[in-house]
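Engineer: sequence and computational prediction follow.
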Amino acid sequence: MLGRKKTRRKKESGIQPDVYLGELCEYADSEVKTEQLTESKAVTQQLPKNKKAPGTSSYRSYIVEAGTASIIGSRKSQQDSVFAYASGAQALGIVCDGMGGLAGGETASRIALESLADAWFAVGTIPDIPAFFRSEAVSADQKVYSQKDAHGARMQAGTTMVAAIVQQGGLYWLSVGDSKLYFIRGQEILSLNVEHNYRMELNALLRQGRLTAQEYAAEEYRAEALTSYLGIGDISVMDVSPRAYPLTDGDIILLASDGLYRSLHEEEILAIVQKNSQDMQKAAQALTAAVSGRKKQDNTSVVIMRYTMEKLR
């Protein structure tokens with residue numbers, strides 16, 4: 001059993017539908033399976049579409065501004081790892097939430113984050129970001145899985161990961177586990193990724209008539225158990241955006257560990273971000289400050305990035 005997050009390997013249940021969220025999400029890879037989106041909270045509202053294609057000359061005047069923040073909460077150790085880097089209109093953000101005991105969770109999240117970040121810096125401009133994400137998720141999974149403790153035994157640690165790349169005016173993302181990726185445009189907030197937990201499987205079975213309401217209730221105590229994470233050793237379930245979603249001036253991308261969204265409603269998150277929308281570092285710190293000091297508060301980490309038109313000097 002891995003640390004604070006109960007995890008279980010996904011059993012073969014024949015539930016492998018694809019997910020489609022308009023222009024934002026479309027998962028159709030034959031080897032990367034994605035659970036069907038069923039939670040009403042997962043999609044707050046479809047955002048207005050930006051018809052302008054990425055990669056045009058108009059994006060040369062844009063930049064990405066980033067901020068990060070992390071608190072330990074009431075936990076004994078910090079098992080989250082967080083990273084953001086922005087240069088001009090190109091950026092990478094990563095949040096990893098580790099599990100598997102004190103040292104195990106810290107090690108797992110750090111190794112997974114460094115694995116993806118190092119690969120990104122080594123490549124520079126990536127011609128096929130979805131393929132890059134899929135490949136690096138498998139690589140990070142194996143690195144975490146193979147970690148050994150002081151006695152030479154496998155550490156049995158794991159970590160979630162949510163990552164976003166902004167390149168040539170487009171947003172790409174990778175998600176494994178239950179950390180969140182929010183997209184904010186104006187007064188609207190959208191949760192882009194699916195949480196890989198047992199609740200998604202229960203919901204699908206209930207919807208298909210293969211599970212009764214009574215059976216659902218009996219299993220709900222295990223609903224938050226992860227069905228996919230880095231360190232599982234043979235990862236096959238992940239969310240990868242198949243193509244860029246075009247960004248427009250003022251769009252905000254928020255990556256967060258579950259310590260944030262289990263403590264704040266989406267409306268509260270949106271209000272805090274809007275209040276600090278001109279300074280991403282202040283916005284990040286304001287989000288973690290909003291949950292700081294609460295009883296039984298989990299580690300909470302955020303990366304927030306704003307795609308904005310560069311100010312003329």
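Structural biologist: Good, I have the coordinates.
Engineer: how close does the nearest residue to residue 198 once chain neighbours are set aside sit to residue 158?
Structural biologist: Nearest residue to residue 198 in three dimensions, chain neighbours excluded: residue 225, at 4.5 Å (CB to CB, 6 or more residues apart in numbering). C-beta here means a position set from N, CA and C on the backbone, and glycine is covered the same way. Per CB to CB, to the nearest Å, residue 225 is found 12 Å from residue 158.
Engineer: and stretch 76-96, what's buried?
Structural biologist: 78-86, 89-96 (16 or more other CB atoms under 10 Å).
Engineer: all helices of the stretch 151-300 of the chain, in order?
Structural biologist: 198-207, 213-219, 258-261, 266-275, 280-289 (DSSP state H, counting those that start in this stretch).
Engineer: check the stretch 1-150 of the chain too.
Structural biologist: With DSSP H, counting those that start in this stretch as the criterion, the stretch 1-150 of the chain has helices at 102-123, 129-145.
Engineer: can you list the ones you listed in CSV and add mean neighbour count and mean pLDDT?
Structural biologist: Output for those, formatted as CSV (neighbours: other CB atoms under 10 Å; pLDDT from 0 to 100):
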stretch, mean neighbour count, mean pLDDT
helix 102-123, 20, 93
helix 129-145, 20, 97
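Engineer: reformat the ones you listed as TSV; add distance to residue 270.
Structural biologist: What follows is those, written out as TSV (distance: least, CB to CB, whole Å):
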stretch	distance to residue 270
helix 102-123	26
helix 129-145	27
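Engineer: excluding its backbone neighbours, what's nearest the residue nearest to the spatial centre of the chain?
Structural biologist: With distances taken as CA atoms, centre = their mean, the residue of the chain nearest its centroid is residue 162 (2.6 Å). Leaving aside its sequence neighbours, residue 162 sits nearest to residue 179 (CB to CB, 6+ apart; 4.0 Å).
Engineer: can you tell me which of the helices of the stretch 151-300 of the chain is most buried?
Structural biologist: Burial of these is given as mean neighbour count (mean count of other CB atoms under 10 Å); helix 258-261 ranks first at a mean of 24.
Engineer: what helices or strands is it leaning on?
Structural biologist: Counting contacts by 3 or more CB pairs under 8 Å, 6 or more residues apart in numbering; DSSP states H and E, helix 258-261 is packed against strand 180-185, strand 300-309.
Engineer: how does it look with 6 Å?
Structural biologist: Contacting helix 258-261 under the criterion 3 or more CB pairs under 6 Å, 6 or more residues apart in numbering; DSSP states H and E is no other helix or strand.
Engineer: got the contact list for that helix?
Structural biologist: 73, 178, 180, 298, 299, 300 (CB atoms under 6 Å, 6 or more residues apart in numbering).
Engineer: got the residues you listed as TSV, with pLDDT and neighbour count columns?
Structural biologist: What follows is those, written out as TSV (pLDDT from 0 to 100; neighbours: other CB atoms under 10 Å):
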residue	pLDDT	neighbour count
73	92	20
178	91	26
180	95	24
298	90	23
299	93	24
300	94	31
